[in-house]
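Undergrad: Structure for the following, please:
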Amino acid sequence: MNRFEVKYLVAAARGAELLAEVGDYLVPDRHSDGEAGYRIGSIYWDTPGLLFFWEKVEGVKYRRKLRFRRYQGSDSVFVEIKQREDRTLQKRRLKWPMERVEAVFGSGRQSVDWAGLDDDPVATEVALMIERLRLRPTVGVTYRRRAYQGRFDPRLRISFDTRLLYRPAPVGLADMFDGGRYIVDPRIGVLEIKYDHQVPSWLTKLVCRHGLTMVRMSKYCSAVDRHRFGGQNT
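TA: Next comes the predicted model:
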């Protein structure tokens with residue numbers, strides 16, 4: 001399904017205040033642990049020449065990226081292909097135990113264990129991407145997320161991410177939450193809105209009331225840019 005996604009940089013101290021203003025329209029994500037939220041870690045794969053990074057920087061209308069996502073405390077991993085076509089997003093993913101993900105896809109070896117795919121269409125697409133593009137783990141990104149969905153439209157999702165950290169490769173699924181370097185100032189958080197058709201009026205009014213300005217930010221690209229290029233591209 002096509003999705004739209006917009007992001008805003010917001011002072012971390014203001015996140016709870018903004019979300020409280022529209023609390024009647026939201027319910028907490030089922031993974032949330034009260035006000036603390038939960039930690040997410042993703043390992044992004046890219047080509048030796050950073051094809052996915054440069055496609056984002058150059059504004060290529062059709063592009064894909066591959067990430068392996070894990071929630072702290074869980075032994076399962078989401079293997080995801082996130083694809084953008086102009087302004088819309090599509091996501092294809094599978095959920096496997098961490099041991100199986102590491103056995104089939106490894107952590108950057110030269111080939112995939114094709115026998116372990118079991119004809120899964122998403123796993124097959126991931127394997128083809130890895131081998132044809134020579135993808136390798138490039139950077140790990142972690143952050144704490146408070147997430148909500150619409151009370152009347154469950155497809156509407158709002159999240160507020162803080163303490164955005166990165167770790168350059170090598171980084172493994174088992175140790176991806178062990179510290180890192182800041183992607184953005186720790187006093188700044190990322191407010192993200194995902195929707196299918198249009199943003200409801202109560203949410204538009206919140207954005208206008210606080211003068212929020214949309215940013216085109218990729219956590220992956222910001223991490224790579226800071227590590228490789230001193231932050232001059234994003």
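Undergrad: chain center to the lengthiest helix in the chain: distance?
TA: Longest helix in the chain by number of residues (criterion: DSSP state H): helix 121-133. Distance of helix 121-133 from its chain centroid, counting by CA atoms, centre = their mean, to the nearest Å, is 19 Å.
Undergrad: for that helix, which positions count as buried?
TA: Within helix 121-133, the residues scored as buried using 16 or more other CB atoms under 10 Å are Ala123, Glu125, Val126, Ala127, Met129, Ile130, Leu133. Placement of C-beta: from N, CA and C, glycine included.
Undergrad: Pop out the phi and psi values for Pro186.
TA: phi -60, psi -10 (degrees, to the nearest 10).
Undergrad: Excluding residues flanking it in the chain, which one is nearest it?
TA: In space, and not counting its chain neighbours, Pro186 is closest to Arg163: 6.0 Å by CB to CB, 6 or more residues apart in numbering.
Undergrad: Let me know whether the one you found touches Arg145 as I believe.
TA: No - with contact defined as CB atoms under 8 Å, Arg163 does not reach Arg145; the gap is 9.9 Å.
Undergrad: measure Trp202 to Arg87 for me?
TA: Separation of Trp202 from Arg87 (CB to CB, to the nearest Å) stands at 22 Å.
Undergrad: Also Tyr71?
TA: Tyr71 is 28 Å from Arg87, where distance means CB to CB.
Undergrad: quick one: which of the two has more around it?
TA: More neighbours surround Tyr71 than the other of Tyr71 and Arg87, with 15 against 11 (other CB atoms under 10 Å).
Undergrad: Now do the lengthiest strand in the chain, average pLDDT.
TA: Using DSSP state E, we find that the single longest strand of the chain is strand 136-150. Strand 136-150 carries an average pLDDT of 94.
Undergrad: Parallel or antiparallel, which strands does it pair with?
TA: Strand 136-150 has the following sheet partners, assigned by DSSP bridges: strand 26-28 (antiparallel), strand 38-46 (antiparallel), strand 157-168 (antiparallel).
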